[in-house]
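Peer 1: Let's see this in three dimensions:
(2 chains)
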Amino acid sequence: MLFSNLLIPTLKDAPQEAEIVSHKLMLRAGMIRKAASGIYTWLPLGLKVLKKIENIIREEMDGSGAQEVFMPMVQPKELWDETKRWDKMGLELLRIKDRHERDFCLGPTHEEVITDIIRNNVKSYKQLPLNIYQIQTKFRDEVRPRYGIMRGREFLMKDSYSFNIDESSLQETYILMRETYKKIFNRIGLDFKISKADSGAIGGDSSEEFHVLAENGEDTIAISDGSEFAINTELLLSEGEDIDSLEGKPSPDGKGIIQIKKGIEVGHIFKLGKLYAESMKTNVLNADGKASTLYMGCYGIGVSRLVAAAIEQNYDEKGIIWPHNISPFDINIISIGHNKEKEITEAAISLYDQLTKMNYSVLLDDRNVGYGSKIKDSELIGIPLNIIIGKNYIDNKEIELIARNGDKSMNPVDDIKTILNFFKN
RNA sequence: CGGGGUAUAGCGCAGUCUGGUAGCGCACUCGCUUUGGGAGCGAGUGGUCGUAAGUUCGAAUCUUACUACCCCGACCA
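Peer 2: Numbers count the residues shown, from 1 in each chain, chains lettered A, B, ... in the order given. Now for the predicted structure:
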């Protein structure tokens, strides 16, 4: 795509309202703009990243055998009365009325809706297990939205709900989701920990959280430096532990020592058991022909929050450093003197066509501005690889490769292999 | 909701104390020259100073109320 055609309103200075790195950089890179506190518009660049993450999640969920659906954002009060949550939930449940004065809410989650679907459409154990997911906008009227997209009121979430005939089937799905989540976060390119968590208001048997380790995380987790062990300190606090004294002690699993870290919660998996199935009378006939209440699990990923989390873990003083798999573009071709120097313009377009045909997503910076502006913007928006076409092309048919990680090299213009090698590792 | 802070052009800011009809940098528009680290010169565009009321001959500036936004806390699948 041509830079000059895209709406990428980059900023030299971060707006006063932004406090943390990811929020500042998302605003400066022209990825998002605020509509109201905790409510944002995703501009083209931000949306590209969001979609990349969404697609990784979708591919892995589909790969696990889960099925995608799309549920309504506006939900009727009646369903929420069945689980008593219309009354139990606080003001974070945004209640609205339609023109007939009928009560609705903006969905903060979808257990009620999906359970209603299942109880009305699944009658036999033979149809189970089922794992149904969606990627959809949620609304929670948070007491205090903050940090831009990180803790918004409106946000994008992948939520899935499994329906199992018994506890062991639920356990199987739970483990499958746990493994699927690992694949997802690894593909996105994040450093994360799985920690035991407080299952909170939602209840249920047990739950684990996936945390991206980052300075600006809102959660405090105790991790072992020598194993997978991790636990949310909320859980320890409720057990009366003194968190400060834990740092440096041996890990309970005997491997490594405990460190206290900040984490951003990007995923949460729960075994719900019969909780919702019972209150919503959800059962099927089992092999003995008897009605059997279903076991449920639910599994969430904060899709939009992942964008911020990825930035919190990958940036420097110049801007964002996207992990390759979620970068809005793979390559930025910086054409110096584009549309002025015929040779350069033609070479840039030719390279653009070649790389695009090879299925790379390529940005061509054709703007009539100097090299400095172009490379600064590219560094800010975090494109992994820049290809510079300028004087050196005219003089001896050479282009320069500048990776966002700092690596540089001069190469013959027809040395596409070197460019491709960049994406091999 | 408790505590703290901010609000002047798209972004960053000055001007407010001491009232006199709004300014700087960047961005934007036009022209010419430029093009390998945020270009130069010249000419321009853009603001009912968050909203409302009050004091005053006169309010960005003083008074009162309100609103929005941010931070800490409480809250949080």
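Peer 1: OK, contacts around the residue nearest to residue A:77 when sequence neighbours are not counted?
Peer 2: Among residues not flanking residue A:77 along the chain, residue A:103 sits closest, at 3.7 Å (C-beta to C-beta, 6 or more residues apart in numbering). C-betas here are computed from N, CA, C, even on glycine. Taking C-beta atoms under 8 Å, 6 or more residues apart in numbering, we find residue A:103 in contact with A:76, A:77, A:86, A:95, A:96, A:97.
Peer 1: Nearest to residue A:320 among those residues?
Peer 2: residue A:96 (36.6 Å; C-beta to C-beta).
Peer 1: low-confidence ranges in chain A?
Peer 2: By pLDDT under 70, the low-scoring segments of chain A are A:199-205, A:425.
Peer 1: any idea which strand is longest in it?
Peer 2: strand A:258-273 (DSSP state E).
Peer 1: Can you tell me the strand partners of that strand and which way each runs?
Peer 2: Here strand A:258-273 is paired, per DSSP bridges, with strand A:206-213 (antiparallel), strand A:219-224 (antiparallel), strand A:295-302 (antiparallel).
Peer 1: Just say which of these is most tucked in.
Peer 2: Highest mean neighbour count among the strands paired with strand A:258-273 (mean count of other C-beta atoms under 10 Å): strand A:295-302, with a mean of 25.
Peer 1: Which SSE is immediately downstream of that one?
Peer 2: Using DSSP states H and E, the next helix or strand after strand A:295-302 towards the C-terminus is helix A:303-313.
Peer 1: In CSV: the contacts of residue A:103, plus secondary structure and neighbour count.
Peer 2: Shown next, in CSV, are these (DSSP: H, G, I helix; E, B strand; the rest coil; neighbours: other C-beta atoms under 10 Å):
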residue, secondary structure, neighbour count
A:76, strand, 17
A:77, helix, 13
A:86, helix, 18
A:95, strand, 14
A:96, strand, 10
A:97, strand, 10
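Peer 1: now, which of the residues you listed sits nearest residue A:401?
Peer 2: Using C-beta to C-beta, the contacts of residue A:103 come closest to residue A:401 at residue A:96, 53.4 Å.
Peer 1: How many neighbouring residues does the closest residue to the closest one other than its chain neighbours have?
Peer 2: Leaving aside its sequence neighbours, residue A:96 sits nearest to residue A:104 (C-beta to C-beta, 6+ apart; 5.3 Å). Other residues lying near residue A:104 total 18 when counted by other C-beta atoms under 10 Å.
Peer 1: go on, residue A:335?
Peer 2: Residue A:335: 28 neighbours (other C-beta under 10 Å).
Peer 1: how close does it get to residue A:3?
Peer 2: As judged by C-beta to C-beta, to the nearest Å, residue A:335 and residue A:3 stand 10 Å apart.
Peer 1: Next: residue A:269.
Peer 2: 41 Å.
Peer 1: the more surrounded of the two?
Peer 2: residue A:269 (25 against 21).
Peer 1: which residues sit in contact with the nearest residue to the more buried one once chain neighbours are set aside?
Peer 2: In this structure, residue A:269 finds its nearest non-sequential neighbour in residue A:299, 4.6 Å apart by C-beta to C-beta, 6+ apart. For residue A:299, the contacting residues are A:133, A:159, A:160, A:161, A:162, A:177, A:181, A:267, A:268, A:269, A:270, by C-beta under 8 Å, 6+ apart.
Peer 1: can you do 6 Å?
Peer 2: A:160, A:177, A:269 (C-beta atoms under 6 Å, 6 or more residues apart in numbering).
Peer 1: Following the chain onward from the helix or strand where residue A:27 lies, which element is next?
Peer 2: Assigned by DSSP H and E, residue A:27 falls within helix A:21-28. Heading C-terminal from helix A:21-28, the first helix or strand you meet, by DSSP H and E, is strand A:32-36.
Peer 1: about what we covered before: secondary structure element holding the residue nearest to residue A:96?
Peer 2: strand A:103-106.
Peer 1: CA atoms only for that strand - export them in PDB, please.
Peer 2: What follows is strand A:103-106, C-alpha atoms only, in PDB (Å, rounded to 0.1, in the frame of the first residue of the first chain):
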ATOM      1  CA  ASP A 103     -34.800  -4.000  29.600                       C
ATOM      2  CA  PHE A 104     -31.600  -5.000  27.900                       C
ATOM      3  CA  CYS A 105     -27.900  -4.800  28.700                       C
ATOM      4  CA  LEU A 106     -24.700  -4.500  26.600                       C
END
